[in-house]
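Next input, structure requested:
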Amino acid sequence: MTTDPGTCGVSVETHLALECNRHVRTRGRRVSRRKTPLSPQRPYVVLLVEDEPLIALTLVDLIEELGHTAIEAMTAGDALQIFRSRDDIDLLVTDIGLPDLAGDALAAECRSAMPMLPVIFATGHNAGAAPDGPLPAPPTLRLAKPFQIQELEAAINRVMANVVPN
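Numbering: from 1, shown residues only. Now for the predicted structure:
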């Protein structure tokens, strides 16, 4: 903080230590700099549907940190358009409370084209603990927000455990 004699006001200069950015923006597309993923299984293409921008950004980072590809949609309508235009989606991770269509209805719509699509409902709506034992077919889990990267990794591994790759 400095003041100059004979002038009104104070100048404040702040220095912040920032973590080295793991991503580079290239014409609007994020490219991960991480060379080795945290998770040892094969990488998946994950369609992420989250209407809260900061939560979506965080989830994209977590998914990419685990070595997967995240395709982000902010609405169920956008997600359906993406899903219908691609044949490489391995997993749907969606919020339940989307503004245009509930996450479970979105999952049902996607599963009408791909019946065994694995789904993780990442929700703050009383998700409870994931049940032990075998998952229903098609594989479905609820993951309570907020969660840690290890919980997301465990959920992805569990829901994808018996899935035949695309």
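
what stretches of the chain score poorly on pLDDT?
Flagging of the chain using pLDDT under 70 yields the residue ranges 1-40, 126-136, 164-166.

which stretches of it form helices?
53-65, 76-85, 103-113, 149-160 (DSSP state H).

Output those as JSON lines; include the columns mean neighbour count and distance to Arg42.
Every C-beta, even on glycine, is put in place using the N, C-alpha and C of the backbone. Formatted as JSON lines, the helices of the chain follow (neighbours: other CB atoms under 10 Å; distance: least, CB to CB, whole Å):
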{"stretch": "helix 53-65", "mean neighbour count": "17", "distance to Arg42": "14"}
{"stretch": "helix 76-85", "mean neighbour count": "17", "distance to Arg42": "20"}
{"stretch": "helix 103-113", "mean neighbour count": "17", "distance to Arg42": "21"}
{"stretch": "helix 149-160", "mean neighbour count": "18", "distance to Arg42": "9"}
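
Out of the ones you listed, flag the one nearest Ala122.
Among the helices of the chain, the nearest to Ala122 by CB to CB is helix 53-65 (7.0 Å).

and that closest one, what does it pack onto?
With contacts taken as 3 or more CB pairs under 8 Å, 6 or more residues apart in numbering; DSSP states H and E, helix 53-65 sits against strand 29-32, strand 45-49, strand 69-73, helix 149-160.

quick check: angle from the longest one to helix 53-65?
Yep, that's helix 149-160 we're talking about. 70 degrees (axes from the mean of the first three to the mean of the last three CA atoms, to 10 degrees).

Kindly spell out which helices and strands sit in contact with helix 149-160.
Helices and strands touching helix 149-160, by 3+ CB pairs under 8 Å, 6+ apart, are helix 53-65, strand 91-94, strand 119-123, strand 140-144.

quick one, the third one and helix 149-160 angle?
Same thing as strand 119-123. Using the same axes, to 10 degrees: strand 119-123 against helix 149-160 is 150 degrees.
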